[in-house]
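Enquirer: Model the following, please.
(2 chains)
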Amino acid sequence: MTKSVNKEPIDWNAALKEILSGGVTRTVVSVILGFAVGAFFMIISNREFLQSLGYFFADPLSSLRAAGDVVGAGYGALIQGSIYNPNAATFEGAIRPFTETLRLAGPLIAAGLGIGLGFRVGLFNIGGTGQLVSGLIWATFVATRMELPPVIHFVVAIVAAIVGAALVGAFVGFLKARTGANEVITTIMLNYIIVSFFNFLLTDNALLQGETAGGYTKSDPAFETARLPYLLGESYALNLGFVLAIAAVVVYWWLMERSTIGFRLRAVGFSPSAAKTAGINVERTFVLALGLSAAFVGIAAANQALSSTGGVTPTSHAGIGFDAITVALLGGSSASGVLLAGLLFGAFKAGSSAIQIVGISPDVLGIVQGSIVLFIAAPPLIRAIFRLPPPQTTSMLSALKSKLFSRGGK
Amino acid sequence: MRLELKGITKRFGILVANDAIDLVVESGQIHSLLGENGAGKSTLMNVLYGLYKADAGQILLDGKPAEFSGPGDAMAAGIGMVHQHFMLIPVFTVAENVALGHEPTKRGGVLDLDAARALVRKISDRFGFDVDPDALVEDLPVGVQQRVEIIKSLARDAKVLVLDEPTAVLTPQETDELMEIMRGLAKSGTSIVFITHKLREVKAVADTITVIRQGRVVGEAKPSTETAELASMMVGRDVGLIVDKKIADPGKVVLSVSDLSVLDDRDQRAVDHVSFEVRAGEILAIAGVQGNGQTELAEAILGLRAIHSSDGDISISGSSVRGKSVRTILERGVGYVPEDRQKNGLISEFSIAENLMLNGSFTKPYTKGLGIAFATRARLADERVKEFDIRTTSALTPAGKLSGGNQQKLVLARELSREVDLLIVSQPTRGVDVGSIEFIHERLVEERNAGKAVLLISTELDEVMALADRIAVMYRGRIVGIVDTKTDRAKLGQMMAGVAA
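Expert: Numbering: from 1, shown residues only, chains lettered A, B, ... in the order given. Down below sits the predicted model:
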């Protein structure tokens, strides 16, 4: 049926359709809509606006002005708190917000890659928290209980964090391969077990609890030699963790797009039966995939354990394990997508205190984040709003859907 | 009811799927719509069923123009359709499925399943369907599920019944039973539109034949027309249904299966003490009705299905492969074309080039260290696309976008390009258009002439007769006998029903 026609005019219409149906447009549109929803909540929780509603028909403009003011102030503060602060006295102060964004984005990017890797293989690693905490345990042990020369110390600690996390992931993969245990359930359960175990370790001086912690569940501060070095000098908190995250992006890209390992991972993700027929050991691939997935989460663990000048506490995981799921979804599990999504969410974290200062609840940013993911996860809604054509594939989401809503065996 | 389609035209963008098609189906007739995959048969029927809106043309029922805006209108007008993929709810009973959509109710809106049961029984008895209204659909064989679909249409008083490739999923026996049913329905006055690309079925059951090619009606024919003539009308050129091949010159034994037993997914013995050999340079065909253990046999040889030590042995080129991994067996020199290519043969999201390296991701030429050798892959993909005549605009097209025949050529391209001694080919031409069938058959004979051992598993007797050097007939997991190709059809038919040679 397909005939090769030599002289065919370029079909701009079809080209436009193809671009619009791609994931990129949907993502950008979802982000914009997310901000719109955030603006809505800023407005309806603003006192001036609510008061102006009382005389809306007498002076509708003042309501609009109040609404515009609060949205401008809110998102203005977000930009000031996360990108550039023009009110700062010095240039150093002006770019500090941006370095904060990078610092907070680092672990989100690394962990997002980990969860994204799972998605690409058709696996739902909900255990980011548990794997991250496991990495924290190992890294904290190296950082507070071992004395090693400079540089070597933090390198060993990073490796320990990655190994500590990867072992938990591989264990989940082993359970799945051997017994068919669903990874969603085992990872969630392991979250509880590992977090509780970490708590326990932090209650005893002989284990990981700090000498000076008293009755608190807190470790010693990491040895100076184990801390990640600052990138821009002591006046900025930005450290090697961000470089690790960028390196992770490059490794992830090569692994998934260029290597034969990634080829097999993707093959299993799309069709385990075809992969098996092609001689790929599907069970072993599950173990490998969950191990690798958790290894990327381990990079985030290293960042959390080796950045603070205090000690680590049970909340040092900072919810990154769950935020990583949204980062991976927003980034479409691709290397560049996760990088951008991680930066966006890092900016939200960095800007949250600035937004609070102008009198707006930082929870609005949580609403923005949640709305973005909601819009991404509901492509038909977005298509209806913007009249986009149906997509070519939404493989990851449809895999998620069939995983969560289909019955019976695999 | 007399159905008439006048000048139906349907376009998708620049593609004209139906080009001014005229078709008259007389009352009580079986009218065959014959054409290759993609000729526009299904599009035409979807227009009739109200799923598509025609760009031009008219539908006349008993001479009166009809306009359908959806399947509901078509059903109300007396048109029933049985799709290739059944629209049944597996966990519902037959009666519940038939009732679904126009449920009979008692007072207070209580579902009146007795009425539905009675209806199923009435229709079932009238046409000899032998369907239990209380059976769960998921427990029924495919052939019976299809009858449930037909009952569904008849329960809604269908006067015109459209069957879209109904035999694609059926065994030869079920096909015969379906043909009986079709004759009975026609006798009772139902008009039947029978869509197919299988020539023999058309000749067996149709009253009139309309041949469609590339969206146009290319001719009418009577069932008495020669098969070769029908085939050439379909593809627009003469088709060699018999493959030219010289007498086999078998060499040493490549595959040896001895006293093999294999369990199926339900732990039932699917292959039962089977022994045979395939030599280099010959094609051994496993013939038989589907579901007699052929699938499990192929999977066992490839290592996809475990064999216990007491259950016989398989050796390839003299050494046992029992308990070896799939990868090891593939690397021993086995090429495998699976029966279900969509599920096991390729990954529809992967490009043609990626699918060509699917089982080559461990070794050269597709690897470069841990990386993929992209330049080599692209070059090889272009070569294969050309050599195997895979119709596509580029090797980067996802395999899922290809037609059935081209997908099969893609799988063959991968397996035939590897260095193998043994080829296991399962149902190589199922759902493949006539043009591709010819090509695939020729390639298989070439492989055999090049000294490869070929194990062909096929339920199509024509294919077996055309390609095989020896024929092993399987029935209920056993090999009833191994015979040569001079054996006549009737004899083979008896063997397929379990009568020993």
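Enquirer: how near is the residue nearest the centre of chain A to chain B?
Expert: Centroid-nearest residue in chain A: A:A324, 2.8 Å away (criterion: C-alpha atoms, centre = their mean). A:A324 sits 24 Å away from chain B, going by C-beta to the nearest C-beta, to the nearest Å. In this view, the C-beta of every residue, glycine as well, is placed from N, C-alpha and C.
Enquirer: Just give the closest residue to that residue, not the sequence neighbours.
Expert: A:A111 (3.6 Å; C-beta to C-beta, 6 or more residues apart in numbering or on different chains).
Enquirer: And the one you found, which helix or strand is it part of?
Expert: A:A111 belongs to helix A:91-120 when assigned by DSSP states H and E.
Enquirer: So which elements touch that helix?
Expert: Here helix A:91-120 is seen to pack against helix A:60-82, helix A:128-145, helix A:240-253, helix A:260-270, helix A:282-307, helix A:320-330, helix A:335-357, helix A:395-405 when contacts are counted using 3 or more C-beta pairs under 8 Å, 6 or more residues apart in numbering or on different chains; DSSP states H and E.
Enquirer: The third one: how far from the chain's middle?
Expert: In this case it means helix A:240-253. Put simply, helix A:240-253 sits 13 Å off its chain's centre (C-alpha atoms, centre = their mean, to the nearest Å).
Enquirer: do the first one as well
Expert: The gap between where helix A:60-82 is centred and where its chain is centred comes out at 28 Å by C-alpha atoms, centre = their mean.
Enquirer: what helices or strands is that helix leaning on?
Expert: Helix A:60-82 packs on helix A:23-44, helix A:47-54, helix A:91-120, helix A:335-357, going by 3+ C-beta pairs under 8 Å, 6+ apart.
Enquirer: I'd like the mean pLDDT over it, please.
Expert: For helix A:60-82, the mean pLDDT works out to 91.
Enquirer: May I see the buried residues of it?
Expert: A:62-63, A:66-67, A:70-71, A:73-75, A:77-78, A:80-82 (16 or more other C-beta atoms under 10 Å in any protein chain shown).
Enquirer: And stretch A:170-189, what's buried?
Expert: So for stretch A:170-189, counting by 16+ other C-beta under 10 Å, buried means A:170-177, A:182-184, A:186-187.
Enquirer: Quick one: name the residues of the stretch 151-300 of chain A near chain B.
Expert: Contacts of the stretch 151-300 of chain A with chain B, taken as C-beta under 8 Å from any C-beta of the partner chain, map to A:254, A:258-261, A:263-264, A:266-267, A:270-271, A:273-281.
Enquirer: How about the residues of the stretch 301-450 of chain B by chain A?
Expert: So the stretch 301-450 of chain B meets chain A at B:302, B:304, B:325-327, B:329-331, B:336, B:338, B:343-350, B:354, B:357-359, B:361-362, B:366-367, B:370-372, B:374, B:391-393, B:403 (C-beta under 8 Å from any C-beta).
Enquirer: Would you state the helices of the stretch 251-400 of chain B in chain order?
Expert: Applying DSSP state H, counting those that start in this stretch to the stretch 251-400 of chain B gives helices spanning B:294-302, B:326-331, B:352-356, B:374-387.
Enquirer: In TSV: the ones you listed, plus mean pLDDT and mean neighbour count.
Expert: TSV is the format used below for the helices of the stretch 251-400 of chain B (pLDDT from 0 to 100; neighbours: other C-beta atoms under 10 Å in any protein chain shown):
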stretch	mean pLDDT	mean neighbour count
helix B:294-302	93	24
helix B:326-331	95	18
helix B:352-356	95	26
helix B:374-387	94	16
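Enquirer: and those helices as TSV, adding distance to A:V29?
Expert: Below are the helices of the stretch 251-400 of chain B laid out as TSV (distance: least, C-beta to C-beta, whole Å):
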stretch	distance to A:V29
helix B:294-302	46
helix B:326-331	44
helix B:352-356	30
helix B:374-387	33
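Enquirer: Nearest to B:A285, out of those?
Expert: Closest approach to B:A285 among these is made by helix B:294-302 (10.5 Å; C-beta to C-beta).
Enquirer: that older thread, quick one: which of the residues of the stretch 301-450 of chain B next to chain A sit in strands?
Expert: B:Y336, B:T367, B:G371, B:I372 (DSSP state E).
Enquirer: which of those count as buried?
Expert: Among those, those buried by neighbour count (16+ other C-beta under 10 Å) are B:Y336, B:T367, B:I372.
Enquirer: need the contact list for the closest residue to the first one other than its chain neighbours.
Expert: Among residues not flanking B:Y336 along the chain, B:I424 sits closest, at 5.0 Å (C-beta to C-beta, 6+ apart). With contact taken as C-beta atoms under 8 Å, 6 or more residues apart in numbering or on different chains, B:I424 is in contact with B:A298, B:I301, B:L302, B:V334, B:G335, B:Y336, B:V337, B:L455, B:I457.
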